[in-house]
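Student: Have a look at this prediction, sequence included:
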Amino acid sequence: NAGVTQTPKFQVLKTGQSMTLQCAQDMNHEYMSWYRQDPGMGLRLIHYSVGAGITDQGEVPNGYNVSRSTTEDFPLRLLSAAPSQTSVYFCASSPPSGTSGGAFTDTQYFGPGTRLTVL
Amino acid sequence: LAKTTQPISMDSYEGQEVNITCSHNNIATNDYITWYQQFPSQGPRFIIQGYKTKVTNEVASLFIPADRKSSTLSLPRVSLSDTAVYYCLVGPFPGGGNKLTFGTGTQLKVEL
């Protein structure tokens, strides 16, 4: 399994441009999320999805759109990039909630991140 | 939503045991406690998760007192490679979704 993959790894945009950050997972996970991490900060949830066709907003959704047409893919769209969106973006997925070895599991698997700079 | 409070940073030396305590006074009955580790330029990685008492795996132990208002991540005999940011998360099972907040975490620095 490749796990969670993200493309591109690096991207530079000009203010007002649009782009899509790609995220894919091959673990058949129901749950997928997008986070952003600014320097010296923790991760903040942008959008998440609990399954194909279902998405919801997180803590900082403004300026971002998502869709979930398949279980594997969860792209994040920047409609009109702004300098405030300069950040590192992480995609994560979670397996179907349940148990493993008698203990509850609710683990998120993270991708390697996309470093985005908006000029 | 349960808010967590952790020390901003901790220093240790190789071979020592490190205990990082997280405070979560308003934890809910169906909330679980999860710890993640993050190295620079990488996504966070799951370390351990628990509900009450003690949980141990090959990497760490998690101690949760009866009132569950705090939890302690214990890393036995740390090495330089344990230098990372450690996040304590509290959220409902299953999923959690937008109820999971990472916060700023604890920067652990391990020296020789």
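Tutor: Perfect, I can see it now.

Student: now A:Tyr64, which residues is it bridged with?
Tutor: A:Leu78 (DSSP bridges).

Student: correct me, but it touches A:Leu45?
Tutor: No. Here A:Tyr64 does not reach A:Leu45: they are 11.0 Å apart, not a contact under CB atoms under 8 Å. C-beta here means a position set from N, CA and C on the backbone, and glycine is covered the same way.

Student: So between these two, which is more surrounded?
Tutor: Per other CB atoms under 10 Å in any protein chain shown, whichever of A:Tyr64 and A:Leu45 has more neighbours is A:Leu45, with 23 against 19.

Student: Can you tell me who the more buried one pairs with across the strands?
Tutor: On the basis of DSSP bridges, A:Leu45 is bridged to A:Tyr35.

Student: what is in contact with A:Tyr64 and A:Leu45 at once?
Tutor: Shared contacts of A:Tyr64 and A:Leu45, defined by CB atoms under 8 Å, 6 or more residues apart in numbering or on different chains, comprise A:Trp34.

Student: List the residue ranges of chain A that fall below the pLDDT cut-off.
Tutor: Within chain A, the stretches with pLDDT under 70 are A:96-106.

Student: Show the contacting residues for the spatially most central residue of it.
Tutor: A centroid search over chain A (CA atoms, centre = their mean) returns A:Trp34, at 2.4 Å, as the residue closest to the centre. A:Trp34 sits next to A:21, A:23, A:45-48, A:58, A:64, A:66, A:74, A:76, A:89-92 when contact means CB under 8 Å, 6+ apart.

Student: what does A:Leu13 give?
Tutor: Shown in contact with A:Leu13 (CB under 8 Å, 6+ apart): A:Met19, A:Leu78, A:Ala81, A:Leu116, A:Thr117, A:Val118, A:Leu119.

Student: quick one: the helices in chain A?
Tutor: Applying DSSP state H to chain A gives no helices.

Student: Show me what from it comes close to chain B.
Tutor: Contact residues (CB under 8 Å from any CB of the partner chain) of chain A with chain B: A:4, A:31, A:33, A:35, A:40-45, A:48, A:50, A:56-59, A:90, A:92, A:94, A:97-98, A:103-113.

Student: Narrow those to just the buried residues.
Tutor: Neighbour-count burial (16 or more other CB atoms under 10 Å in any protein chain shown) applied to the residues of chain A next to chain B gives A:4, A:31, A:33, A:35, A:42-45, A:48, A:50, A:58, A:90, A:92, A:94, A:97, A:105-113.

Student: Okay then, goodbye and thanks.
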